[in-house]
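**Student:** Could you look at this predicted model? Sequence included:
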Amino acid sequence: MSRGNVKSSDSPESRGRAPRVSVDVDRVLISREQIAERIRELGAEIARDLDQLGPGAEIVLVPILTGSIIFVADLIRELPQKMRLDVVTVSSYPGKATSSQGVTLSGMLPEHVAGKHVLIVDDILDSGKTIRMIREELMKRKPLSVRACVLLRKQIDSAMQTSCEYVGFDIPDEFVVGYGLDYDHYYRNLPEVGCLRREAL
Ligand code: IMP
Ligand code: MG
C-alpha cells in the first residue's frame, strides 16, 4: 500500500487548486513501475508471436475504447511490426455503475479485417462479455486470426473462463481505477491501478 503523495483535500497544499485524483485513492494495487515492466514483457511475447506469422502478415490492433487508451499507447510502442490501429467503442459500465450492465457497442466495428491477423486490446477482463462479443463480431468478418490482450483480469470464474491469449496481471475481484480505467468517467489519468475510497464511490 502506497499513500506517499496523497494529500487530504483540505490540506494547505491543496487549497485553491484543482482537485487531485490521488486524493480519492485508498490503495495502489499496481505501481507505474510494475505496469511498465509487465508491458515490456507482454510486448516482447506478442512481438515474438507476431513474427511467427511470417513476412506477408497483415496485422490490425483493435483497442476497445475508452479504457484501453493508455495501455494500447504503451503496448503498441513495444511492437516493432508494421500494423494498423482500428478502434472500437464499447460501454458496459455506464455512469456510476461498478458492475457490468451489458455490452453496448457505439460506433462501427473495423471493416477491413478480412485476411488479416487481429489483436484485440482491452483494459480489463471482468464478466468477459466485451471480449467475447468483439471477438465474435470480428470473426464474422473473416480475419485469419483473432487474439486478445488485456492488462488486467479479475480472478473470478467468468473472467478466467473467457479465452484471452495475453494477460498482464491477475487481480482480486475489486473495482479498480487508473491507467485508463474509470469510475463515472474520472480517474483514467491516475498513473497507477488502484482502489477508490468508499466515500468516493
Ligand atoms: P466485461 O465485459 O465485464 O469483461 O468488462 C469489461 C469492461 O468493463 C472493461 O473494458 C472496463 O471498461 C469495464 N470494467 C470492468 N471492471 C472494471 C473495473 O474494476 N473498473 C473499471 N472498469 C471496469
Ligand atoms: Mg472498457
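**Tutor:** Perfect, thanks for sending it. Ligands and ions are numbered 1, 2, ... in the order given.
**Student:** In stretch 51-65, which residues are buried?
**Tutor:** Using 16 or more other CB atoms under 10 Å as the test for burial, stretch 51-65 gives 57-65. From N, CA and C alone the C-beta is placed, and that goes for glycine too.
**Student:** restrict those residues to those near ligand 1?
**Tutor:** For ligand 1, the contacts drawn from the buried residues of stretch 51-65 by CB under 6 Å from any ligand atom are residue 64.
**Student:** Looking at the buried residues of stretch 51-65, spot the one nearest ligand 1.
**Tutor:** Ligand 1 lies nearest to residue 64 out of the buried residues of stretch 51-65, by CB to the nearest ligand atom, at 5.8 Å.
**Student:** so is the closest residue to that closest one other than its chain neighbours in a helix, a strand, or just coil?
**Tutor:** Leaving aside its sequence neighbours, residue 64 sits nearest to residue 122 (CB to CB, 6 or more residues apart in numbering; 4.4 Å). Using DSSP: H, G, I helix; E, B strand; the rest coil, the structure places residue 122 in strand.
**Student:** If residue 122 is in a bridge, with which residues?
**Tutor:** Note on residue 122: beta-bridge partners residue 150, judged by DSSP bridges.
**Student:** what's the neighbour count on it?
**Tutor:** 26 (other CB atoms under 10 Å).
**Student:** likewise residue 193?
**Tutor:** Using other CB under 10 Å, the number of residues around residue 193 comes to 26.
**Student:** And the helices in the protein, which stretches?
**Tutor:** Applying DSSP state H to the chain gives helices spanning 32-51, 69-76, 129-139, 157-160.
**Student:** Can I get those in JSON lines including distance to residue 23 and mean pLDDT?
**Tutor:** Supplementary listing: those in JSON lines, determined by distance: least, CB to CB, whole Å; pLDDT from 0 to 100:
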{"stretch": "helix 32-51", "distance to residue 23": "18", "mean pLDDT": "98"}
{"stretch": "helix 69-76", "distance to residue 23": "20", "mean pLDDT": "98"}
{"stretch": "helix 129-139", "distance to residue 23": "30", "mean pLDDT": "95"}
{"stretch": "helix 157-160", "distance to residue 23": "30", "mean pLDDT": "97"}
